[in-house]
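Novice: fold the following, please.
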Amino acid sequence: MRRVAVTGHRGLPDEVEHAVEAALRAHVHSLGPRLTGLSCLADGADALFARAVLDAGGALEAVVPAERYREGLPEHHRAAYDDLLAAAVLVHRLPHVESTSQAHLEAGRHMVEHCDELVAVWDGRPPRGPGGTADIVGYAREQDRHVTVVWPSGATR
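Specialist: Take a look at the predicted model:
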């Protein structure tokens, strides 16, 4: 079974989110039915990817960076997070309490270490802080993981 992890931006404008969702669904579909997706299930790229994996009949593994991770997510996303977490066949819980940048960095590294490919919803810009998409892409490349970047042409965050 092919194992594909996701990293990506949150808080995308609606038109960018719709384009990203379509691109993620097309990519997931191209990978075939024997797919396991790894995601932290945050709003934005993580949740879009997780839903695409499930809708394609793949298995979902959730990576929870910290005990208080859910509380750090936007309130409007918590029900979707709960639904995706419940749909996961396996939940990896990292040993952090607070949902910090360091916990997110470690979660991203965990996913890279347990995948065959990383899908990055990434605008190609440098990280805004530790643990962001650019850091995870860099780590995946250091680990010789295949990285597929999904970003709509001309889109901005």
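Novice: okay, and the beta partners of residue 3?
Specialist: Residue 3 has these beta-bridge partners by DSSP bridges: residue 36.
Novice: my guess is it contacts residue 113, does it?
Specialist: No. Contact criterion C-beta atoms under 8 Å: residue 3 and residue 113 do not qualify, at 10.5 Å. The way it works is simple: take the backbone N, C-alpha and C, and place the C-beta from them, glycine included.
Novice: comparing those two, which residue is more hemmed in?
Specialist: The neighbour count for residue 3 versus residue 113, taken as other C-beta atoms under 10 Å, is higher for residue 3 (15 against 12).
Novice: ok, that one - contacts?
Specialist: Applying C-beta atoms under 8 Å, 6 or more residues apart in numbering, we find residue 3 in contact with 36, 38, 114-117.
Novice: so where do the helices sit in this protein?
Specialist: Under the criterion DSSP state H, the chain contains helices at 14-30, 45-55, 69-72, 78-87, 101-113, 133-142.
Novice: and the ones you listed, which is most packed in?
Specialist: Among those, helix 45-55 has the highest mean neighbour count (mean count of other C-beta atoms under 10 Å), at a mean of 23.
Novice: and that helix with helix 14-30, angle?
Specialist: Helix 45-55 and helix 14-30 meet at an angle of 40 degrees, taking axes from the mean of the first three to the mean of the last three C-alpha atoms, to 10 degrees as the criterion.
Novice: average pLDDT for helix 45-55, rounded please.
Specialist: The pLDDT scores in helix 45-55 average 97.
Novice: other SSEs contacting it?
Specialist: strand 2-8, helix 14-30, strand 35-39, strand 59-64, helix 78-87, strand 117-121 (3 or more C-beta pairs under 8 Å, 6 or more residues apart in numbering; DSSP states H and E).
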